[in-house]
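Undergrad: Turn this into a model:
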Amino acid sequence: MSSDFFIKAAFSVYNTCWKIIIPLLHLNNRLSEGFLQRTLKEEPPKAELWIQAASAGESYLATEILKNLKFNRPITILLTSGTKQGLDILERSIKQINDKHIIARTFFFFFDQPGLMEKAVKIISPKITVLLESEMWPGHLLALKKSGCKTIIINGRITGKSLKKYLLCKLFWNYLKPDKIYAISENDARRFATLFGNESTEVMPNIKFDRFGSNDLESFIKNPLEELLGQNAPFVVLGSVRKKEESLLEKIILDILKRNPDIIIGLFPRHVHRVKHWGKALKRMNIRWTLRTDIIKPVSKGSVVLWDTFGELIHAYEVAKTAFVGGSLVPLGGQNFIEALNYGIVPVIGPYWDNFSWVGREIAEQGLIRVAKNWQETADILIEQIINQPSREKTKSAASQYFKRRQGGTVFACKVIADLLRF
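TA: Numbers count the residues shown, from 1 in each chain. You can find the predicted model right below:
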């Protein structure tokens, strides 16, 4: 069987699967948002530059790029994301554009049915498409390849686990490979090179280091949580909690409230659809709790606030005594703890933070994060930091020095993009 026949057959099956699945996706609460845009019932605008940010984390990277791009002629940019949270961040980022030549629009990312994606690319007609981190979809890459659009991965990362899956169809992915991949570490570059070849891979500084010190609260005169949480009770954040570690977080919540009944806990599930589960769990645990959207007066001591809205975690970090960052008590790779550091919190995480190994193990050695072995040690450290909270200013200063030595990714990315658009 020739490689061309194999690829053509694979895409025929892939296209058929999407045709069957797409009507059913309207039943999914998350994917039903922007369904008309995802299915091209609404047409996207034309754009010279297309930046795809999978979700919230990648959208923050797009924000850094957008704030720092400079052109001497008008440039149209399309910013897409697969989630409402990501799209909200991208829409806010447009307001921070510093270059009057940039005309930017946002749109939901399309379902990856090859026929649908080919139509989308034809309408947008991009000269350059930027994929942030590891957002690779076969239908998207094929459509871009057919159109002759230059495709690059910025801030590229790929885990060993993901690489093994890609290598099962190496011929397929090699056919679709982007024109250039700028990876965030030597290890990531080696993994990409294993899949796509050395000639298309290069290492760049991680843009996430540049986000340290950015103040996402600038547009607020006052933190909206200050009055709701009161002034006296210590506030603890349990942030970005993932489904597979929920049973361990239950133990942490019970232990903390038993040892310090006056604490207020802010519980932030990583995915909003887990709020319903947590409501049942807190009721079963006989813990006083309230939804964030139901708060109309200061929260009582010894209770849990269950966050059912998106976008307030950074506000919570600003008023918290201490914080745990989830996805790290079980092998899920961890969630972003840099935002907590940005507000002077020394975050507590579990032993599994492989997704953030690019930050460097020295960050733990310098005491800028606390790595707990298990749920019990997590609770112990949180209680310890409530009693003796590390100095916010000293934490910010030390973290700033740590990250400053590793910054420069945004400037690098903007130069790559600007150079490509000159041709």
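Undergrad: was I right about residue 154 contacting residue 129?
TA: No. Between residue 154 and residue 129 there is no contact under C-beta atoms under 8 Å: 10.5 Å. No exception for glycine: its C-beta is placed from N, CA and C like everyone else's.
Undergrad: Which residue, other than its chain neighbours, is closest to residue 261?
TA: Leaving out its chain neighbours, the residue that sits closest to residue 261 by C-beta to C-beta, 6 or more residues apart in numbering is residue 302, at 4.7 Å.
Undergrad: Please apply the same query to residue 86.
TA: residue 59 (4.1 Å).
Undergrad: Let me see the contact set for that neighbour.
TA: The neighbours of residue 59, taking C-beta atoms under 8 Å, 6 or more residues apart in numbering as the test, are 53, 79, 81, 85-87, 89-90, 93.
Undergrad: Sitting in helices, which of those do you find?
TA: Among the contacts of residue 59, DSSP state H puts 85-87, 89-90, 93 in helices.
Undergrad: wait, which of those is closest to residue 322?
TA: Taking C-beta to C-beta as the measure, residue 322 lies nearest residue 85 of the ones in helices among the contacts of residue 59, at 24.9 Å.
Undergrad: Now do the closest one: how many residues are near it, please.
TA: Close neighbours of residue 85, defined as other C-beta atoms under 10 Å, add up to 17.
Undergrad: Residue 314 versus residue 345, what's the distance?
TA: Going from residue 345 to residue 314 by C-beta to C-beta, to the nearest Å gives 11 Å.
Undergrad: What of residue 136?
TA: For residue 136, the distance to residue 314 equals 29 Å [C-beta to C-beta].
Undergrad: neighbour count winner among those two?
TA: Neighbour count, other C-beta under 10 Å: between residue 136 and residue 314, residue 136 has more, with 22 against 16.
Undergrad: Now do the same contact list for the spatially closest residue to residue 140 that is not a sequence neighbour.
TA: Nearest residue to residue 140 in three dimensions, chain neighbours excluded: residue 117, at 5.2 Å (C-beta to C-beta, 6+ apart). With contact taken as C-beta under 8 Å, 6+ apart, residue 117 is in contact with 110-111, 137, 139-140, 142-143.
Undergrad: list the buried ones in the lowest-mean-pLDDT helix or strand in the chain?
TA: Ranked by mean pLDDT, DSSP states H and E, the weakest helix or strand in the chain is helix 226-229, scoring a mean of 82. For helix 226-229, a neighbour-count test (16 or more other C-beta atoms under 10 Å) marks 228-229 as buried.
Undergrad: That helix: how far from the chain's middle?
TA: In terms of C-alpha atoms, centre = their mean, to the nearest Å, the centre of helix 226-229 is found 27 Å from the chain centre.
Undergrad: Tell me which residues are up against that helix.
TA: Residues outside helix 226-229 that contact it (C-beta under 8 Å, 6+ apart): 235, 264, 295, 297-299, 305, 319.
Undergrad: run the last query once more with 7 Å
TA: Contact with helix 226-229 is made by 235, 264, 295, 298-299, 319, as judged by C-beta atoms under 7 Å, 6 or more residues apart in numbering.
Undergrad: That helix: what's the following helix or strand?
TA: Note on helix 226-229: by DSSP states H and E, the next helix or strand toward the C-terminus is strand 235-241.
Undergrad: what about the residue nearest to residue 65 when sequence neighbours are not counted, how many neighbours?
TA: Excluding its sequence neighbours, the residue lying closest to residue 65 (C-beta to C-beta, 6+ apart) is residue 413, at 5.5 Å. Neighbour count of residue 413, defined by other C-beta under 10 Å: 26.
Undergrad: Does residue 413 lie in a helix or a strand, and which?
TA: In this assignment (DSSP H and E), residue 413 forms part of helix 409-421.
Undergrad: for that helix, what is the average pLDDT?
TA: The average pLDDT within helix 409-421 is 96.
Undergrad: just stretch 57-73 next, same as before
TA: Across stretch 57-73, pLDDT averages out at 93.
Undergrad: can you check stretch 365-376 too?
TA: 97.
Undergrad: how about that stretch: buried residues?
TA: Within stretch 365-376, the residues that count as buried by 16+ other C-beta under 10 Å are 368-372, 375.
Undergrad: Packing partners of the helix or strand harbouring residue 139?
TA: Following DSSP H and E, one finds residue 139 within helix 138-147. Contacts defined by 3 or more C-beta pairs under 7 Å, 6 or more residues apart in numbering; DSSP states H and E place helix 138-147 against helix 3-25, helix 114-124.
Undergrad: Of these, which is nearest residue 259?
TA: For residue 259, the closest of the helices and strands packed on helix 138-147 is helix 3-25, at 45.5 Å, according to C-beta to C-beta.
Undergrad: What residues of the helix or strand just after the closest one count as buried?
TA: Using DSSP H and E, the next helix or strand after helix 3-25 towards the C-terminus is helix 29-32. By 16+ other C-beta under 10 Å, the buried positions in helix 29-32 come out as residue 31.
Undergrad: Let's test this: mean pLDDT of helix 29-32, rounded?
TA: Here helix 29-32 scores 88 as its mean pLDDT.
Undergrad: which residues are contacting it?
TA: Helix 29-32 is contacted by residues 25-26, 273 when judged by C-beta under 7 Å, 6+ apart.
Undergrad: care to break the chain down by domain?
TA: For the chain, automatic domain parsing gives the domain ranges 27-212+408-421, 226-404.
Undergrad: Let's have the ones you listed in a markdown table, adding distance to residue 3.
TA: Shown next, in a markdown table, are the domains of the chain (distance: least, C-beta to C-beta, whole Å):
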| stretch | distance to residue 3 |
| --- | --- |
| domain 27-212+408-421 | 6 |
| domain 226-404 | 33 |
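Undergrad: May I have the phi/psi pair for the residue nearest in space to the middle of the chain?
TA: Geometric centre of the chain, nearest residue: residue 57, 1.9 Å, by C-alpha atoms, centre = their mean. For residue 57, the backbone dihedrals (degrees, to the nearest 10) come out as phi -60, psi -50.
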